[in-house]
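**Q** structure of the sequence below:
(2 chains)
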Amino acid sequence: AQSVAQPEDQVNVAEGNPLTVKCTYSVSGNPYLFWYVQYPNRGLQFLLKYITGDNLVKGSYGFEAEFNKSQTSFHLKKPSALVSDSALYFCAVRVLSGYSTLTFGKGTMLLVSP
Amino acid sequence: ETGVTQTPRHLVMGMTNKKSLKCEQHLGHNAMYWYKQSAKKPLELMFVYSLEERVENNSVPSRFSPECPNSSHLFLHLHTLQPEDSALYLCASSQGGTSAYEQYFGPGTRLTVT
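**A** Next comes the predicted model:
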């Protein structure tokens, strides 16, 4: 079975500071990893994904994530946070082989203060 | 915005009512999904359709009945729901069901069962 853990319910950061939203995963096999963002009263929007290759993945809105196989982590990062980044962030995992669906973490609320 | 639309956006229904949620994707995708999002719980996958065939049903009660008449449309028929079924219901689509393609989400239908 595959699972995703987002250990923080909420992350607070001041505008202009770097941000990190943590994600660890557990799968049998090689993972596909995704980050999504959800703004209030909206559906989830795709930010970035890791499939293979370079461990540092760049995505939308200046976000990036680093795949670390030994630590089974895929933390989301941004060098300089914006107030408009405040939203709910979801990490998700999917196994490479065969048919499988996305398993989502419970989400982390990011609050960026002015 | 994402190419996936859902109607209605809000729905209030009694436990004896019958209603349907509609999802339409304009992205040329061949896989579609229904998710349930409840407060403080991970996103729950309900149903998956790939090439108009249901390929996954995650032990969803029979009071929820999906229908996929073609690759662009997905319905969720509701009858005799319970108050605990109140949630945000999200539809998503993707290029394929077995690949690394990301899912694109609609804005959701906020369902309240009274």
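**Q** which residue does chain B have closest to chain A?
**A** B:Phe105 (3.5 Å; Cβ to the nearest Cβ). Glycine gets a C-beta too; all of them are placed from N, C-alpha and C.
**Q** for B:Gly96, see how far away that residue is.
**A** Distance of B:Phe105 to B:Gly96, computed by Cβ to Cβ, to the nearest Å: 16 Å.
**Q** the two: which is more packed in?
**A** Applying other Cβ atoms under 10 Å in any protein chain shown to B:Phe105 and B:Gly96 shows that B:Phe105 carries more neighbours, namely 24 against 13.
**Q** who's in contact with the more buried one?
**A** Contacts were defined as Cβ atoms under 8 Å, 6 or more residues apart in numbering or on different chains; by that measure B:Phe105 touches A:36, A:43-45, B:2, B:4, B:90-92.
**Q** select from those the one having the most neighbours.
**A** A:Leu44 (30 neighbours).
**Q** around chain A, which positions in chain B sit nearby?
**A** Residues of chain B lying near chain A by Cβ under 8 Å from any Cβ of the partner chain: B:2, B:4, B:6, B:33, B:40-43, B:45, B:48, B:55-56, B:90, B:92, B:97-98, B:100, B:102-108.
**Q** check which element follows the helix or strand harbouring A:Val13 along the chain.
**A** Element membership for A:Val13 (DSSP states H and E) is strand A:10-14. Going down the chain from strand A:10-14, the next helix or strand is strand A:19-21, by DSSP H and E.
**Q** all helices of chain B, in order?
**A** Assigned by DSSP state H, the helices in chain B number zero.
**Q** grab the most central residue of it for me.
**A** Closest to where the C-alpha atoms of chain B average out (Cα atoms, centre = their mean) is B:Trp34, at 2.9 Å.
**Q** surely it is in contact with B:Phe47?
**A** Yes: counting by Cβ atoms under 8 Å, B:Phe47 is a contact partner of B:Trp34 at 4.6 Å.
**Q** quickly list what's touching both of these two.
**A** B:66, B:76.
**Q** chain center to the worst-scoring helix or strand of chain A on mean pLDDT, what's the gap?
**A** When each helix and strand of chain A is scored by mean pLDDT, DSSP states H and E, strand A:103-104 comes last, with a mean of 90. Averaging C-alpha positions (Cα atoms, centre = their mean, to the nearest Å) puts strand A:103-104 11 Å from its chain's average.
**Q** and what of stretch A:101-113?
**A** With Cα atoms, centre = their mean, you get 7 Å for stretch A:101-113.
**Q** can I get it in PDB, CA atoms only?
**A** The C-alpha coordinates for stretch A:101-113 follow below in PDB (Å, rounded to 0.1, in the frame of the first residue of the first chain):
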ATOM      1  CA  THR A 101      -4.300   6.000  -8.400                       C
ATOM      2  CA  LEU A 102      -3.000   9.000  -6.500                       C
ATOM      3  CA  THR A 103      -2.900   8.900  -2.800                       C
ATOM      4  CA  PHE A 104      -3.000  12.300  -1.200                       C
ATOM      5  CA  GLY A 105      -1.700  13.600   2.100                       C
ATOM      6  CA  LYS A 106      -4.100  15.400   4.500                       C
ATOM      7  CA  GLY A 107      -2.800  18.800   3.400                       C
ATOM      8  CA  THR A 108      -0.800  21.600   5.000                       C
ATOM      9  CA  MET A 109      -2.200  25.100   5.400                       C
ATOM     10  CA  LEU A 110       0.400  27.700   4.500                       C
ATOM     11  CA  LEU A 111      -0.100  31.100   6.000                       C
ATOM     12  CA  VAL A 112       2.200  33.900   4.800                       C
ATOM     13  CA  SER A 113       2.000  37.100   6.800                       C
END
